[in-house]
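In: what's the 3D shape of this:
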Amino acid sequence: MSSPVFIKRKDIDESKWNACVESSAQSLPYAFSWYLDAVAENWDALVWRDYEFIMPLVWLRKLGVACLYQPYYCQQLGVYGNNPTETIISQFLQAAIKQYSYVHNNLNPSAEKVKDKFRLLPKKNLLLDLRKEYQLLAKKYSENHRRNISRSIKAGLVFGETDIHSFQQFYLQNINRAKENFKPQHEIIFKQLTKSVLEKKAGKFFCITNKTGKLLAACLLLSHQNRIINIINTSSAEGKKSGASHFLFDQIIHLHASQILVLDFEGSSIEGVARFYEGFGASPEIFYNLQSNLIKNFRAWLKA
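Out: Take a look at the predicted model:
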């Protein structure tokens with residue numbers, strides 16, 4: 001019987017790798033080689049046969065210990081392929097745990113098949129089906145969201161697109177670095193990712209401005225198959241007061257309504273953020289977190 005094989009990044013066949021991601025039932029852009037190259041400090045992979053199933057392994061080394069971690073701007077990874085079975089997913093996760101002393105990795109929804117076996121922790125993503133007309137979608141907004149959108153309209157705020165340089169500058173000026181644990185290396189990753197998205201024509205930078213053209217809120221939406229994914233968004237203090245973020249997503253919904261698309265808000269398990277996205281009528285989708293710490297377990301065994 002086959003089993004996943006460990007392959008270094010430099011030896012990966014990118015064409016076969018990306019074809020597997022594209023055709024997967026759980027296909028998401030995070031697993032494309034170009035995306036991983038942008039957000040990961042290092043990454044290798046587990047591959048089944050001739051790229052029938054794959055699992056990205058994003059890792060770093062801390063104090064000499066190899067750690068599998070979830071990178072910035074990458075909500076979930078896991079096993080990709082054509083309907084992986086419980087046995088196949090189990091073999092991939094077991095191989096990953098064996099390879100790394102510390103594992104903290106988010107897995108796509110296919111991991112539901114092994115959630116009990118590996119004691120996976122559920123995490124919440126939020127999705128909005130855009131196939132209905134805008135008027136029907138807007139009826140599902142919360143009362144608070146309607147008030148904020150109305151305030152933005154009265155203030156004459158304007159929805160549109162912006163360029164990469166304006167988006168980068170605005171984001172870096174307004175991100176709460178302490179709250180988001182945003183470090184200098186994350187700024188490098190942010191610039192690499194936005195540049196790669198632009199080069200691949202994989203997304204657009206949407207924004208809200210005031211009457212004079214000043215940016216108040218902005219986001220980067222990735223386009224992938226039938227999903228538009230809210231990868232990065234932020235607003236200024238002025239934008240928060242004027243409800244600019246509410247208006248931004250309202251206009252994105254308006255622009256894409258009545259299409260066979262899903263707006264992927266990218267979470268969140270954080271109550272306040274989840275409440276904001278749920279206010280647009282979004283519904284939950286569960287993905288999973290895998291944790292393993294062989295060092296801690298080994299020390300516990302020594303003490304027993």
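In: hey, where'd the strands end up in the stretch 101-250 of the chain?
Out: Taking DSSP state E, counting those that start in this stretch, the strands of the stretch 101-250 of the chain run over residues 102-107, 121-129, 158-161, 203-209, 215-224, 227-235.
In: Take these and lay them out in JSON lines including distance to residue 31 and mean pLDDT.
Out: For glycine as for every other residue, the C-beta is placed from the backbone atoms N, C-alpha and C. Formatted as JSON lines, those follow (distance: least, C-beta to C-beta, whole Å; pLDDT from 0 to 100):
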{"stretch": "strand 102-107", "distance to residue 31": "11", "mean pLDDT": "95"}
{"stretch": "strand 121-129", "distance to residue 31": "15", "mean pLDDT": "96"}
{"stretch": "strand 158-161", "distance to residue 31": "27", "mean pLDDT": "97"}
{"stretch": "strand 203-209", "distance to residue 31": "16", "mean pLDDT": "98"}
{"stretch": "strand 215-224", "distance to residue 31": "11", "mean pLDDT": "98"}
{"stretch": "strand 227-235", "distance to residue 31": "13", "mean pLDDT": "96"}
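In: Could you export the ones you listed as a markdown table, including distance to residue 70?
Out: Formatted as a markdown table, these follow (distance: least, C-beta to C-beta, whole Å):
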| stretch | distance to residue 70 |
| --- | --- |
| strand 102-107 | 5 |
| strand 121-129 | 10 |
| strand 158-161 | 29 |
| strand 203-209 | 20 |
| strand 215-224 | 17 |
| strand 227-235 | 14 |
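In: could those strands go into TSV alongside distance to residue 41 and mean neighbour count?
Out: What follows is the strands of the stretch 101-250 of the chain, written out as TSV (distance: least, C-beta to C-beta, whole Å; neighbours: other C-beta atoms under 10 Å):
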stretch	distance to residue 41	mean neighbour count
strand 102-107	14	22
strand 121-129	22	18
strand 158-161	31	14
strand 203-209	22	22
strand 215-224	21	23
strand 227-235	19	21
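In: Out of those, the one nearest residue 23 is which?
Out: Closest approach to residue 23 among the strands of the stretch 101-250 of the chain is made by strand 215-224 (12.8 Å; C-beta to C-beta).
In: So which other helices or strands are in contact with the closest one?
Out: Counting contacts by 3 or more C-beta pairs under 8 Å, 6 or more residues apart in numbering; DSSP states H and E, strand 215-224 is packed against helix 164-174, helix 184-200, strand 203-209, strand 227-235, helix 237-241, helix 244-256.
In: can you tell me which of the strands of the stretch 101-250 of the chain comes nearest to residue 187?
Out: Nearest to residue 187, of the strands of the stretch 101-250 of the chain and by C-beta to C-beta, is strand 227-235 at 12.4 Å.
In: So what sits opposite residue 293 in the bridge?
Out: residue 102 (DSSP bridges).
In: residues contacting it?
Out: 101, 102, 103 (C-beta atoms under 8 Å, 6 or more residues apart in numbering).
In: same question, residue 4
Out: Each residue near residue 4 by C-beta under 8 Å, 6+ apart is listed here: 46, 47, 48, 53, 55, 91, 92, 95.
In: OK, contacts around the nearest residue to it once chain neighbours are set aside?
Out: Take residue 4 and drop its neighbours on the chain: the residue closest to it by C-beta to C-beta, 6 or more residues apart in numbering is residue 46, 3.9 Å away. Residues in contact with residue 46 (C-beta under 8 Å, 6+ apart) are 4, 5, 6, 7, 54, 55, 57, 92, 95, 96.
In: Ramachandran angles for residue 46?
Out: phi -110, psi 130 (degrees, to the nearest 10).
In: That concludes my questions; thank you for your assistance.
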